[in-house]
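Visitor: A predicted structure for the sequence below; I have some questions about it.
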Amino acid sequence: MRIPLSWARFWVTDNTLKLMNARTAAMQVLVKVCCDGRSLGAALPETLCGVKESDRALTQELCYGVLRWRPRLQLVIERLLKKPLKQRECDIHCLLLLGLYQLIYTRIPPHAAVAETVSIVAETKKPWVKGLVNAVLRNFLRKQDQLLLEIDANEVARYAHPKWMIELVREAWPEKWKDIFFANNQRPPMSLRVNCTIQSRDCYLEKLALTDMTGHAAHYADAGIILDKPLDITLLPGFGQGAVSVQDCAAQLAAELLDVQSQHRVLDACAAPGGKTCHILERAPDLGELVAVEIDKIRILKIHENIQRIGARATLIQGDASIPGAWWDGQQFDRILIDAPCSASGVIRRHPDIKFLRKRNDIDAVIRLQSILLEALWPLLKSGGMLLYATCSVFPRENVGQIENFIATHQDAEPLVIDAEWGRATKVGRQILPGEDEMDGFYYACINKN
C-alpha cells in the first residue's frame, strides 16, 4: 500500500522527535551486548540509526569505553553494592557501568554524569532504581581515590582483562604481556588502504592534506596510511569510488605475502568482510580468478558491496570452507588464503567486547576448526602453490603450534621463511603483537606445497 505524502511527512517529523540521546542509546547497546550476548559490531550500528547525528560520537565513545574497562568497572560496582544485582537486573548493571565510566574516564563534569545517567532510569521501567543508581554513583565520588587504589591490587582490575586471558597471555609472552594489555586498552588508530590502481599512496596523502585530514604513511604496509584522527569514512576523498578503504595495516600484509601473479587462481577462504579479498584484487587486477568463500549469508553481501565499490570482480560462494566438496569445481588453486577463525585476541583494542564474549574453552574449539580447515583446503592447492595461514590472535596454540602440527603430518608441506622486519619470527611464520608499529595483533605463516 502506498503511504499518502502527508502521512510520510508526519512520520518523518515524529520519528525525528524521538531520536535518542547519546546515553540512552549507549544504554541500549550495552544491554544488547552485556545481557543478550550480541557483538558490539552488530549492536552499535543498528542503534546509531536512531541517534541524533551530533550525539553519535559520544554514543560510540561511551559504548567502547565501558566495554574496554568493564572488568575494572565491574569490581568497583561489587565494592559499592551491599548485595549483588540479580541476573534479571542486568540492565541496571549496565546503567551503573555507564555512569562509572563517565566519572572515571571522561572529562564530563561529575554532577552532569550522575544527573544524566539517573535521568535515563525511566528506560528501564524500574522506578525504584533511580535512588540506587544515584546513591552508588555519589558514593563512588566520595570514595574514589581509596577505592580505585584498593581494586587495582587485583590483576583483573589493573589490566582490565579476564583472569583466564591474563594467565594465557602471560604464559605465551612472559616479557611482553603487560605491553599487550596496555595496547589492548588504547583507542586504535584509523588505518586506510589506498587503492594503488587508482593513485599512489603519496598522491592520496596530498589529497588528504588539502582537506585538512592529516595522516602519515604506515611503516610496513605499502598502501597503508594512519590517520591522525578518526573520521567519518564518507568524508574520505574518493571513498565511494573505491579509491581508499578502511583496513588495519597488519591485515594489509596478507595480500603482500600472498604474492599473487598474473593469471593465478586464488581462493580466499572465510573471506568476510572482504578487506583482504579487495586488496588482493587491487594488487593483481590481471589474476585469473579469485574465489571468495563465506558461510554467512549477510556477511557475503558485505563482501559483494566492497568488491563493487572498488570496481572489481570475483566469484563469491556462500558455503562452508571446511566442506569444499559442497562448492569446489575441482580446479586447483595457485594460492590459498585461510583467514582462519580464531580467538581474535589480537584485535581487542578494536573489539573490546571480546574480553567477555570469549571464554577459555572457546580456544580449544577454534583450534579444532582451524585444523579442519587446513586439512580440507590443502588438497585444493596445486603442487608448487602456496597457502597463507593468517589469524588475528596472539595465542601460540592457534598460530605457530597449529602450523607446526600441520607440517609434521604433511610431507608435502614446506614452511617458507617470511623475510620481513615487522613483527617477530617464530619457529614457523611471524607474529605481530597488538600496538606494534601501530598495527593489530596478527600471525602469518606461508606454506609451500612440494
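Guide: Yes, it's here.

Visitor: mind giving me the domain split of the chain?
Guide: Following the assignment in automatic domain parsing, the chain carries domains at 5-160, 191-246, 251-449.

Visitor: Could you dump those into TSV and include mean neighbour count and mean pLDDT?
Guide: Where you see a C-beta, it was placed from the backbone N, CA and C, and this is true even at glycine. Below are the domains of the chain laid out as TSV (neighbours: other C-beta atoms under 10 Å; pLDDT from 0 to 100):
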stretch	mean neighbour count	mean pLDDT
domain 5-160	17	89
domain 191-246	17	96
domain 251-449	19	97
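
Visitor: And Leu73, how far from Asp353?
Guide: As judged by C-beta to C-beta, to the nearest Å, Leu73 and Asp353 stand 14 Å apart.

Visitor: just Ser371 next, same as before
Guide: Taken as C-beta to C-beta, the span from Ser371 to Asp353 is 26 Å.

Visitor: Do you have the helices of the stretch 301-450 of the chain handy? List them.
Guide: 354-357, 360-377, 400-408 (DSSP state H, counting those that start in this stretch).

Visitor: So which residues make contact with the second one?
Guide: This means helix 360-377. 164-165, 168, 267, 269-270, 321-324, 336, 338, 340-343, 387, 389, 391, 395, 397-398, 402, 405-406 (C-beta atoms under 8 Å, 6 or more residues apart in numbering).

Visitor: any idea of the angle that helix forms with helix 400-408?
Guide: Following axes from the mean of the first three to the mean of the last three C-alpha atoms, to 10 degrees, one obtains 30 degrees for the angle between helix 360-377 and helix 400-408.

Visitor: By residue count, tell me the biggest strand in this structure.
Guide: Determined from DSSP state E, the single longest strand within the chain is strand 381-391.

Visitor: contacting residues around the nearest residue to Asn21 once chain neighbours are set aside?
Guide: Excluding its sequence neighbours, the residue lying closest to Asn21 (C-beta to C-beta, 6 or more residues apart in numbering) is Asp55, at 5.6 Å. Residues in contact with Asp55, defined by C-beta under 8 Å, 6+ apart, are Met20, Asn21, Ala22, Ala25.

Visitor: The regular element (helix or strand) spanning the last one: what's the following helix or strand?
Guide: When elements are defined using DSSP states H and E, Ala25 is found to belong to helix 22-30. For helix 22-30, the following helix or strand on the C-terminal side (DSSP H and E) is helix 40-48.

Visitor: Can you spell out which helices and strands pack onto that next one?
Guide: helix 22-30, helix 56-80 (3 or more C-beta pairs under 8 Å, 6 or more residues apart in numbering; DSSP states H and E).

Visitor: Just the residues contacting the first one, thanks.
Guide: By C-beta under 8 Å, 6+ apart, the list of residues contacting helix 22-30 from outside reads 20, 40, 43-44, 47-48, 50-51, 55-56, 58-59, 62-63, 66-67, 91, 94-95, 97-98, 116-117, 119-120, 123.

Visitor: re earlier: tell me the one of the contacts of Asp55 nearest Arg201?
Guide: Nearest to Arg201, judged by C-beta to C-beta, of the contacts of Asp55 is Ala22 at 35.5 Å.

Visitor: any idea how far the closest one lies from Val29?
Guide: 11 Å.

Visitor: Please report the distance of Gly238 from Val194.
Guide: Taken as C-beta to C-beta, the span from Gly238 to Val194 is 9 Å.

Visitor: what do you get for Tyr159?
Guide: 36 Å.

Visitor: Same check on Glu150?
Guide: Taking C-beta to C-beta, one finds Glu150 at 49 Å from Val194.

Visitor: quick one: the helices in the stretch 51-200 of the chain?
Guide: 56-80, 90-105, 110-119, 129-151, 155-159, 163-172, 177-184.

Visitor: Quick one: those as CSV, columns for distance to Ala365 too.
Guide: Conversion of those to CSV gives the following (distance: least, C-beta to C-beta, whole Å):
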stretch, distance to Ala365
helix 56-80, 23
helix 90-105, 25
helix 110-119, 38
helix 129-151, 32
helix 155-159, 24
helix 163-172, 14
helix 177-184, 22
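
Visitor: Which of those sits closest to Ala312?
Guide: helix 56-80 (30.3 Å).

Visitor: Mind giving me the packing neighbours of the closest one?
Guide: Packed next to helix 56-80, using 3+ C-beta pairs under 8 Å, 6+ apart, are helix 22-30, helix 40-48, helix 90-105, helix 129-151, helix 155-159, helix 354-357.

Visitor: mind running it again at 10 Å?
Guide: helix 22-30, helix 40-48, helix 90-105, helix 129-151, helix 155-159, helix 163-172, helix 354-357 (3 or more C-beta pairs under 10 Å, 6 or more residues apart in numbering; DSSP states H and E).

Visitor: Which neighbouring elements make contact with the fourth one?
Guide: Here helix 129-151 touches helix 56-80, helix 90-105, helix 110-119, helix 155-159, going by 3+ C-beta pairs under 10 Å, 6+ apart.

Visitor: can you do 7 Å?
Guide: Where contact means 3 or more C-beta pairs under 7 Å, 6 or more residues apart in numbering; DSSP states H and E, helix 129-151 is packed against helix 56-80, helix 90-105, helix 110-119.

Visitor: residues making contact with it?
Guide: 72, 75-76, 79-81, 92, 95-96, 99-100, 103, 110, 114, 117-118, 121, 157 (C-beta atoms under 7 Å, 6 or more residues apart in numbering).

Visitor: Let's see it as PDB, backbone CA atoms only.
Guide: C-alpha atoms of helix 129-151 as PDB (Å, rounded to 0.1, in the frame of the first residue of the first chain):
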ATOM      1  CA  VAL A 129      16.300   2.000  40.600                       C
ATOM      2  CA  LYS A 130      16.700   5.800  40.500                       C
ATOM      3  CA  GLY A 131      17.700   6.000  44.100                       C
ATOM      4  CA  LEU A 132      20.100   3.100  43.800                       C
ATOM      5  CA  VAL A 133      21.900   4.500  40.800                       C
ATOM      6  CA  ASN A 134      22.100   7.900  42.300                       C
ATOM      7  CA  ALA A 135      23.400   6.600  45.700                       C
ATOM      8  CA  VAL A 136      26.000   4.300  44.100                       C
ATOM      9  CA  LEU A 137      27.500   7.000  41.800                       C
ATOM     10  CA  ARG A 138      27.600   9.600  44.600                       C
ATOM     11  CA  ASN A 139      29.100   7.100  47.000                       C
ATOM     12  CA  PHE A 140      31.800   6.400  44.400                       C
ATOM     13  CA  LEU A 141      32.600  10.100  44.200                       C
ATOM     14  CA  ARG A 142      33.200  10.200  47.900                       C
ATOM     15  CA  LYS A 143      35.500   7.100  48.000                       C
ATOM     16  CA  GLN A 144      37.000   7.100  44.500                       C
ATOM     17  CA  ASP A 145      40.700   7.600  45.300                       C
ATOM     18  CA  GLN A 146      40.900   5.000  48.000                       C
ATOM     19  CA  LEU A 147      38.500   2.600  46.200                       C
ATOM     20  CA  LEU A 148      40.500   2.600  42.900                       C
ATOM     21  CA  LEU A 149      43.700   2.100  44.800                       C
ATOM     22  CA  GLU A 150      42.300  -0.900  46.500                       C
ATOM     23  CA  ILE A 151      40.800  -2.600  43.500                       C
END
